[in-house]
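# Quick one: sequence plus predicted model below, questions after.
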Amino acid sequence: MKQNVKYLAFIFFIIFQNAFSQENSECKFFEAYDEPALACLDKNENKENTIYQIIEWTAFGDDYITRIEKKNNTYKLIRKLAPKPKYIEQTDSFKSEFKYITNRKLTKKEFNKFIKIYEKYNLNNIEKIEITIDCFDGSGILFYIFENGKYKFLRNGNCQESNETLNNFSNEVNVLFKF
């Protein structure tokens with residue numbers, strides 16, 4: 001039984017990684033959650049916008065998507081409970097029964113507190129986080145960033161230490177916004 005669980009977790013991990021392997025797939029994947037796929041945004045059209053997406057995922061539990069954005073002078077916070085999406089072969093799309101937990105405007109002060117946490121972990125200067133994958137049934141953080149017309153993706157892999165950079169960052173963001 002334990003071997004089957006590890007096998008299923010491994011299969012999920014491969015599928016999850018492949019879902020993000022091609023930009024088109026990533027666009028379709030995020031559509032299932034009614035989320036913008038930051039890699040697919042028009043860089044020129046959205047140059048003034050700043051969007052951060054944090055996905056907290058687990059191999060067997062529900063995932064959470066948190067989006068913090070600044071568009072013009074409007075700040076917004078969205079958090080969703082995001083059960084695993086189902087792939088629909090006939091339409092080559094994903095479907096998820098996501099649920100909004102938070103959908104509200106942020107004050108500039110709240111947004112700036114988020115930015116301080118972001119800068120505290122130097123995530124604005126990190127291009128890649130070195131990861132080691134040593135298990136298949138863990139959890140992780142995916143962090144999508146779109147700022148100054150540029151897209152960046154950071155992840156901490158699978159089964160990282162609880163004091164790892166993205167885990168600490170995500171925990172502080174959750175405390176800030178009282179999740």
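That came through, no problem.
# Please list all residues in contact with the spatially most central residue of the chain.
Nearest to the mean C-alpha position of the chain, counting by Cα atoms, centre = their mean, stands residue 55 at 2.8 Å. With contact taken as Cβ atoms under 8 Å, 6 or more residues apart in numbering, residue 55 is in contact with 63, 64, 65, 66, 82, 141, 142, 143, 144. For the C-beta atoms, the positions are set from N, CA and C on the backbone; glycine is no exception.
# Residue 156: which of these is nearest?
Using Cβ to Cβ, residue 141 is the member of those that lies nearest residue 156, at 5.1 Å.
# what secondary structure does that closest one sit in?
strand (DSSP: H, G, I helix; E, B strand; the rest coil).
# Next one, pLDDT for the closest residue to it other than its chain neighbours please.
Distances taken as Cβ to Cβ, 6 or more residues apart in numbering put residue 166 closest to residue 141, at 4.0 Å, once the chain neighbours are dropped. Confidence at residue 166, expressed as pLDDT, is 91.
# Repeat that for residue 95.
Taking residue 95 on its own, its pLDDT is 77.
# Pretty sure it sits against residue 88.
Yes. Between residue 95 and residue 88 a contact is recorded at 5.8 Å, counting by Cβ atoms under 8 Å.
# on that earlier part again, just say helix, strand or coil for the residue nearest to the centre of the chain.
Quick answer, by three-state DSSP: residue 55 is strand.
# quick one: it from residue 48, how far?
24 Å (Cβ to Cβ, to the nearest Å).
# which stretches of this structure form helices?
Using DSSP state H, the helices of the chain run over residues 2-19, 23-31, 108-120, 165-176.
# The ones you listed: lowest mean pLDDT?
helix 2-19 (a mean of 47).
# that older thread, overlap in contacts, residue 95 and residue 88.
Here residue 95 and residue 88 share no contacting residue, scored by Cβ under 8 Å, 6+ apart.
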